[in-house]
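Trainee: I'd like to go over a predicted model; first the sequence, then the structure.
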Amino acid sequence: MLWLDLGNTRLKYWLTDDIGQIISHDATQHLQAPAELLMGLTDRFERYAPDFIGISSVLGDELNAKVSKTLSRLNIPFEFVHVDAEYPLMRSAYDANQLGCDRWLQMLGAVDKTKRQCVIGCGTAVTIDLIDHATHLGGYIFPNIYLQRESLFSGTKQITISNGTFDSITQGTTTQDAVHRGILLSIVGAVNEISNRHPNFELIMTGGDAQMIAQHVNRSVRIRDDLLLNGLARYFDHSKK
Ligand SMILES: Nc1ncnc2c1ncn2[C@@H]1O[C@H](COP(=O)(O)OP(=O)(O)OP(=O)(O)O)[C@@H](O)[C@H]1O
Ligand SMILES: CC(C)(CO)[C@@H](O)C(=O)NCCC(=O)O
Ligand SMILES: [K+]
């Protein structure tokens, strides 16, 4: 099977064998031209010869249509995930027409009907979602640390910071530190607040910035890099039955 994640910033794919082991994996910035990027990958995908391609996309109808056109040339069946609020594994109180399918799949990949869970996605946007015994209660969306820095940069005159590291939440005494520490605190503080409000919810983090954020959170966090892929596998396993 081939699994595609068309994210806000990057296109990721995983090739798995019959028992779900990852044989190949890659991630590339698509610069809002995912179909063109896929075109360059078709030779590789043809060589892989998967029997099916399962797709998660948050790129919207227009780009998805272009992606479909590119994938049609491969003669391999493919299907986009559609969010379903009444899905048997997890019900959701969220507006299903609006819920991003990456968020939904990450939750589907983590959901455990015996637990209360808080799933935190640390990608281009940071998302926090609460799940109570397999019912999605709702969540929050934040710009990630880089988007926050860009918005300060472009919305102010005296903040000209465009690089630096996000490594502390202690108060800063220079613009550079105040910007980086303030932004990191906005995310870490939100996670800690949610954690305090929902002490019985297990904290689960995924995405490229998970480690950076988790180390400042005042409770133990389970980092799982496989949530979206796991969600895709669960979704298509179910939809085939
Ligand atoms: N090789 C890398 N390329 C880009 N970002 C990376 C890389 N390694 C780690 N990161 C970190 O991962 C974050 C992005 O997380 P993730 O990979 O989950 O999302 P994304 O693919 O950029 O976004 P999306 O899934 O929304 O397209 C970036 O903010 C960056 O700090
Ligand atoms: C929130 C993001 C940007 C996270 O990648 C994505 O899931 C998305 O575009 N969602 C649509 C809005 C929503 O989930 O309500
Ligand atoms: K947008």
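Mentor: Nice, thanks for sending it over. Ligands and ions are numbered 1, 2, ... in the order given.
Trainee: measure the residue of the chain found nearest ligand 1 to residue 99 for me?
Mentor: Ligand 1 sits closest to residue 208 of the chain, with a gap of 1.8 Å, by Cβ to the nearest ligand atom. Heads up, the C-betas are built off the backbone N, CA and C, glycines and all. Distance of residue 208 to residue 99, computed by Cβ to Cβ, to the nearest Å: 21 Å.
Trainee: just residue 105 next, same as before
Mentor: For residue 105, the distance to residue 99 equals 10 Å [Cβ to Cβ].
Trainee: which one of the two has more residues nearby?
Mentor: Ranked by neighbour count (other Cβ atoms under 10 Å), residue 105 and residue 99 place residue 105 first, with 25 against 20.
Trainee: dihedrals phi and psi, that one?
Mentor: phi -70, psi -40 (degrees, to the nearest 10).
Trainee: quick one: contacts for residue 102?
Mentor: Contact analysis of residue 102 by Cβ atoms under 8 Å, 6 or more residues apart in numbering lists 5, 7, 56, 58, 121, 123, 228.
Trainee: ok, and the closest non-adjacent residue to the residue of the chain found nearest ligand 2?
Mentor: As assessed by Cβ to the nearest ligand atom, ligand 2 sits closest to residue 100 within the chain, at 1.9 Å. Of all residues beyond its chain neighbours, the one nearest residue 100 is residue 58 (4.9 Å), with distances taken as Cβ to Cβ, 6 or more residues apart in numbering.
Trainee: could you check whether stretch 184-199 is close to ligand 1?
Mentor: No: judged by Cβ under 6 Å from any ligand atom, stretch 184-199 stays clear of ligand 1, getting no closer than 11.1 Å.
Trainee: is any residue of that stretch near ligand 2?
Mentor: No: using Cβ under 6 Å from any ligand atom, stretch 184-199 stays clear of ligand 2, with a minimum separation of 13.9 Å.
Trainee: in the lengthiest helix in the chain, what counts as buried?
Mentor: Counting by DSSP state H, the longest helix found in the chain is helix 175-197. For helix 175-197, the neighbour count (16 or more other Cβ atoms under 10 Å) marks 177, 179-185, 187-188, 190-192, 194-195 as buried.
Trainee: break this structure into its domains for me.
Mentor: Domain ranges of the chain: 2-80, 97-225, per the TED database.
Trainee: of the ones you listed, flag the one that's most buried.
Mentor: Compared across the domains of the chain, domain 97-225 shows the largest average neighbour count, a mean of 17 (mean count of other Cβ atoms under 10 Å).
Trainee: state the mean pLDDT of that domain.
Mentor: Per-region confidence: domain 97-225 scores 97 on mean pLDDT.
Trainee: likewise for stretch 2-17?
Mentor: pLDDT averaged over stretch 2-17 gives 97.
Trainee: outside of it, which residues touch it?
Mentor: Outside stretch 2-17, the residues within contact range by Cβ under 8 Å, 6+ apart are 1, 22-30, 34, 37-38, 41, 45, 48, 50, 52-59, 63-64, 67, 76, 102, 123-125, 228-229, 232-233.
Trainee: now swap in stretch 191-199 and tell me
Mentor: If you take Cβ under 8 Å, 6+ apart as the criterion, stretch 191-199 is touched by 116, 118, 120, 128, 130, 140, 201, 203, 213, 217, 218, 219.
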